[in-house]
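Below is the sequence, then the predicted model.
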Amino acid sequence: KAGVTQTPRYLIKTRGQQVTLSCSPISGHRSVSWYQQTPGQGLQFLFEYFSETQRNKGNFPGRFSGRQFSNSRSEMNVSTLELGDSALYLCASSGGAKEQFFGPGTRLTVL
Amino acid sequence: AQKVTQAQTEISVVEKEDVTLDCVYETRDTTYYLFWYKQPPSGELVFLIRRNSFDEQNEISGRYSWNFQKSTSSFNFTITASQVVDSAVYFCALSRSGGYQKVTFGIGTKLQVIP
């Protein structure tokens, strides 16, 4: 069974640009969660989607948005990038059981 | 507001020693979930356990065990007979009812197991 995949793995952008990150969950999983990890703020919850609906969102500005498609793949978008958005973005999927599976992450660098 | 405190930022142990990672949480919810995750040097997070607030039984999985004590708001993690492969950053986390919603993480404890 294929694991959670995230694309791209690495990304370099400049301030003011926007970026879209993609996450493909494990087949059959309907819940996808996104997290941001930075040295300063640690791990922070961004949002969680289930069956194309955003069930919850963390404390991030409106520049951070996401969506989930009918095949459960999810994208997150960050508009008007700031230096502080440089981070590792992690995606995880869950199939309703207790366990959660993470992807390798997308390392975003904003210059 | 929810809060997770991992007071130990770094721990070093010699291989085969037992080690306990502490986690103290704060929440006003009566129903909540507690988690532990492992992040090895490769960077990929690995889910270890999810426990709901109504289940105070200790859990053991191989060399790993978890001690949940509601009275002290703690959810400690013990690795028995540590191995070099256990070297990683370990995160404790807390969420409101529903599992993976609004998860609050601790800052993590970096564990180094010395051969």
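Thanks, I have the structure now.

Going by C-alpha atoms from here, please, whenever you check contacts or count neighbours.
OK.

following the host helix or strand of A:L21, which helix or strand shows up next?
In the assignment (DSSP states H and E), A:L21 maps to strand A:19-24. Counting by DSSP H and E, the element after strand A:19-24 in chain order, helix or strand, is strand A:31-38.

who does that next one pair up with?
Next to strand A:31-38 in the sheet, as set by DSSP bridges, lie strand A:42-50 (antiparallel), strand A:87-94 (antiparallel).

Which residues does the first one contact?
Outside strand A:42-50, the residues within contact range by C-alpha atoms under 8 Å, 6 or more residues apart in numbering or on different chains are A:30-37, A:54-60, A:66-68, A:72, B:100-107.

and the very next helix or strand once past it with strand A:42-50, angle?
Next along the chain after strand A:42-50, taking DSSP H and E as the criterion, comes strand A:53-57. In terms of direction (axes from the mean of the first three to the mean of the last three C-alpha atoms, to 10 degrees), strand A:53-57 departs from strand A:42-50 by 150 degrees.

Strand A:53-57 close to chain B?
Yes: on the criterion C-alpha under 8 Å from any C-alpha of the partner chain, strand A:53-57 is in touch with chain B at A:R55, A:N56, A:K57.

Which strands and helices lie in contact with the next helix-or-strand element following that strand?
The helix or strand immediately downstream of strand A:53-57 is strand A:64-68, counting by DSSP H and E. Using 3 or more C-alpha pairs under 8 Å, 6 or more residues apart in numbering or on different chains; DSSP states H and E, the elements in contact with strand A:64-68 are strand A:42-50, strand A:53-57, strand A:74-78.

Whatever residue of chain B ends up closest to chain A is in what secondary structure piece?
Chain B approaches chain A most closely through B:E44 (5.0 Å), counting by C-alpha to the nearest C-alpha. Using DSSP H and E, B:E44 sits within no helix or strand.

nearest residue to it other than its sequence neighbours?
Nearest residue to B:E44, sequence neighbours excluded (C-alpha to C-alpha, 6 or more residues apart in numbering or on different chains): A:P104, at 5.0 Å.

Tell me the secondary structure at the closest residue to chain B within chain A.
Of all residues in chain A, the one sitting closest to chain B is A:P104 (5.0 Å; C-alpha to the nearest C-alpha). Three-state call for A:P104 (DSSP: H, G, I helix; E, B strand; the rest coil): coil.

Could you check how many residues crowd around it?
Per other C-alpha atoms under 10 Å in any protein chain shown, the neighbour tally for A:P104 reads 20.

And A:Q18, how far from A:L11?
Using C-alpha to C-alpha, to the nearest Å, A:Q18 is found at 11 Å from A:L11.

any residue of stretch B:105-115 up close to chain A?
Yes: for stretch B:105-115, a contact with chain A is found by C-alpha under 8 Å from any C-alpha, at B:F105, B:G106, B:I107.

Great, nothing more from me.
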